[in-house]
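Student: please work out how this folds:
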Amino acid sequence: MATARDSNRVRPVPSTSQRAYAQLREQLLRFKFLPNQKINEVMLANDLEISRTPLREALNRLAAEGLLIDRGRGFSVPGLEPAVIFDLFEARQEIECATVRLACARAEETELDELSDFLDASMAESPDASVDRLMELDIRFHDTIAQLARNAVLRQTLANLNDRMHLVRWIAMEGRRERTQAQHREILGHMRARDEAAAMAAMRNHILHRNEDIMAAIKSAYGHVYTRETG
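Tutor: Next up is the predicted model:
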């Protein structure tokens, strides 16, 4: 139980490197950099008003997470090469099938009730909700399943995959709200029935997996970022 002393304890102040990491990660997920763009460390250090050492620490951390590529003499933003994107979607599909299988066996009924309440609230969102908001809700649904799987490694792996494919997932989310919500309900229904096979099949069907659909999303993603850049 938390004590008064605990609540009054001063929280550690994030280091310069941690703040730079958080800012850059947000910018990468918000498409502030173009695919394959080289990172100008001098300009970036000036923009963030930090020295090169903490900036390099932040860049190395982002590269370790796959959000940047270390070219040896500098960093660049990953491209949207189809082979890489296909691998990311395939990996996500396998991880999500594993988490929903484990969640079927390990989740408490009260936790599934809470997930159902969350879906009710999600479906009540305004029809004009932004794609960013829909992405937030979708990620939370899948993260909750990963949490119910009781496997921290699988959950962290899924979070990293979502970061690395964020742009393509964002594009793919457009126009899929009703379909996505219906599929979430179907997945939860199978979880309530403790039907692991059916839950995995529904999850596999839910995740974008057809090559032609992924390719269409990649093309749209390129169009989106370059339109933003020239608009």
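Student: torsion angles phi and psi at the closest residue to Arg71 other than its chain neighbours?
Tutor: Excluding its sequence neighbours, the residue lying closest to Arg71 (CB to CB, 6 or more residues apart in numbering) is Lys38, at 7.9 Å. Just so you know, the C-beta spots here come from the backbone N, C-alpha and C atoms, and that holds for glycine as well. Note on Lys38: its backbone torsions stand at phi -80, psi 140 [degrees, to the nearest 10].
Student: check Lys38 and give its pLDDT.
Tutor: Looking at Lys38, its pLDDT stands at 95.
Student: same question, Ile218
Tutor: For Ile218, pLDDT reads 86.
Student: where's it, which helix or strand?
Tutor: helix 211-230 (DSSP states H and E).
Student: and the contacts of that helix?
Tutor: For helix 211-230, contacts defined as CB atoms under 8 Å, 6 or more residues apart in numbering pick out 31, 34-35, 80, 82, 85-86, 89, 167-168, 170-172, 208.
Student: need the buried ones from the residues you listed selected in ChimeraX.
Tutor: For the buried members of the contacts of helix 211-230, the matching ChimeraX selection, counting by 16 or more other CB atoms under 10 Å, is:
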select :31,35,80,85,89,167,168,170,171,172,208
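Student: between the contacts of helix 211-230, which is closest to Arg150?
Tutor: Taking CB to CB as the measure, Arg150 lies nearest Phe89 of these, at 24.8 Å.
Student: contact partners for the closest one?
Tutor: Here Phe89 is in contact with Met165, Ile207, Leu208, His209, Ile214 (CB under 8 Å, 6+ apart).
Student: what about Asp128, distance to Ser220?
Tutor: 21 Å (CB to CB, to the nearest Å).
Student: do the same with Ala197
Tutor: From Ala197 to Ser220 the distance is 33 Å (CB to CB).
Student: could you do Ala107 as well?
Tutor: Distance, Ala107 to Ser220, by CB to CB: 35 Å.
Student: just want to know which of those two has more residues nearby.
Tutor: Taking other CB atoms under 10 Å, Ala107 and Ser220 do not tie; Ala107 has more neighbours (22 against 16).
Student: what's that one sitting at in phi/psi?
Tutor: Per-residue torsions, Ala107: phi -70, psi 140 (degrees, to the nearest 10).
Student: equivalent analysis for Ile69, please.
Tutor: Ile69 has phi and psi values of phi -120, psi 130 when expressed as degrees, to the nearest 10.
Student: contacting residues around it?
Tutor: By CB under 8 Å, 6+ apart, the contact list for Ile69 reads Ala63, Phe75, Ser76, Val77, Pro78.
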